[in-house]
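> any chance you could fold what I've pasted below:
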Amino acid sequence: MRGYISRASSFGLKSRIRPRNQLLQTVTSRFVNTEASTKRRNPYLTSRPIDRVKSVMSTGNSKEATVESKDISKPIVWVDCEMTGLDHTKDNIIEICCIITDGDLNIVDEEGYESVVHCDKEILEGMDEWCVDHHGSSGLTQKVLESSKTTQQVEDELLAYVQKYIPTERKGVLAGNTVHMDRLFMLREFPKVVKHLFYRIIDVSTIMEVSFRHNSELASVFPRKKGAHTARADILESIAQLKWYREHYLKSTDETKEFVTKRRAEMEKDNGDNGGQDNGDSGVSGVFNAVKESALQAASSLKAAASEAASALRNDEKEGSSAKKQRVE
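This is a model prediction of the structure:
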């Protein structure tokens, strides 16, 4: 090591070489960070330590704050956008609101994030009739013209807001009503935000469609939407919708406790029958064993049939030989 430093100093490189203990600390810290990030690849399949981060962010209301936050349990990122139309290849987001809840639908920050994106008058005049009437009567069109914020600014602010409460990538799940449409627009205009979130979504309108088909009587008494069609109002209605479905349509932990206990016992039995090998997906092992057993039975039947066919063929050959011998005699 000394010889290396001596040779390096002759080339003027001594100042670039760090002491050995510093180098070891750097390597160790990188290894630890890499190991931690690897464990977090799927936040829903691993137990997670509490992360504490300090972040400085600027919200849509231009308020700066230094906050210490901890990980939220199963965070949901509720988003609603108002656009100039429904064609994600040419129309634009002109208003966006974001509210974050935990997995139990408790709102983390009542204020949320809300912002209006500037758009030229010519583009607004080219909107379809519904957008012209609706955005005009709600006052959004005027807000868009008065706003000085660009798409890039709003993307950076929204990303900072989400990272304030959910610093870990691919942990927060995007949610809303018909939220796949919002996501399509965000992929083009707010790609950094989409990249930070998990790839799955929670679309409340999908649950509504399932309930109409599965329990139409229950769906008929669902609370009617107010239809304000502002980004914030739509999000709050979506959260209220999912709460209603959870209470009246989806079963609670207590309601499924007996079934879960019974099913776990079955899974443990299946795992035991499989020689105690647990591949992390024992719920499938029972099905796999059944398919395997069926395949073995089918193979056994085919083998027996082949044996019978071969025996019959040999008998035919013997009979043929005897008949031929008799004719010759």
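
> ok, now which ones touch the closest residue to His248 other than its chain neighbours?
Spatially, and ignoring its direct neighbours in sequence, His248 is nearest to Leu218 (6.3 Å; Cβ to Cβ, 6 or more residues apart in numbering). The C-beta positions use only the backbone N, C-alpha and C, and glycine is treated the same way. By Cβ atoms under 8 Å, 6 or more residues apart in numbering, the contact list for Leu218 reads Ser211, His248, Tyr249.

> check Asp80 too.
Ile96, Cys97, Gly176, Asn177, Asp182, Ala231, Arg232, Asp234, Ile235, Ser238.

> in helices, which of these fall?
Members of the contacts of Asp80 lying in helices (criterion: DSSP state H): Asp182, Ala231, Arg232, Asp234, Ile235, Ser238.

> what's the burial count for the closest residue to Lys143 other than its chain neighbours?
Nearest residue to Lys143, sequence neighbours excluded (Cβ to Cβ, 6+ apart): Val116, at 4.7 Å. By the criterion of other Cβ atoms under 10 Å, Val116 has 22 neighbours.

> what's near enough to touch Val116?
Ile94, Glu95, Leu140, Lys143, Val144, Ser147, Lys149 are the contacts of Val116 under Cβ under 8 Å, 6+ apart.

> just so I have it, where are all the helices in the protein?
Going by DSSP H, the chain shows helices at 2-10, 20-39, 121-125, 129-138, 140-146, 151-165, 179-189, 191-196, 204-214, 216-219, 231-248, 253-273, 282-328.

> average pLDDT for the last one, rounded please.
Averaging pLDDT along helix 282-328 yields 63.

> can I see the domain layout of this protein?
With domains defined by automatic domain parsing, the chain comprises 1-39, 52-248.

> nearest to Leu313, of the ones you listed?
If you check each of the domains of the chain against Leu313 by Cβ to Cβ, domain 52-248 wins as the nearest, at 56.8 Å.

> now do the residue nearest to Lys143 against Arg188, distance only.
18 Å (Cβ to Cβ, to the nearest Å).

> specify the beta-bridge partners of Cys81.
Ile96 (DSSP bridges).

> what about it, how many neighbours?
A count of nearby residues for Cys81, using other Cβ under 10 Å, gives 24.

> do Ser216 as well
So Ser216, with other Cβ under 10 Å, has 9 neighbours.

> check contacts around it.
Residues near Ser216 by Cβ under 8 Å, 6+ apart: none.

> confidence score at it?
So, for Ser216, pLDDT stands at 87.

> ditto for Asp273
pLDDT, Asp273: 74.

> any idea how far it lies from Glu266?
Distance, Asp273 to Glu266, by Cβ to Cβ: 11 Å.

> just Ser311 next, same as before
According to Cβ to Cβ, Ser311 stands 43 Å off from Glu266.
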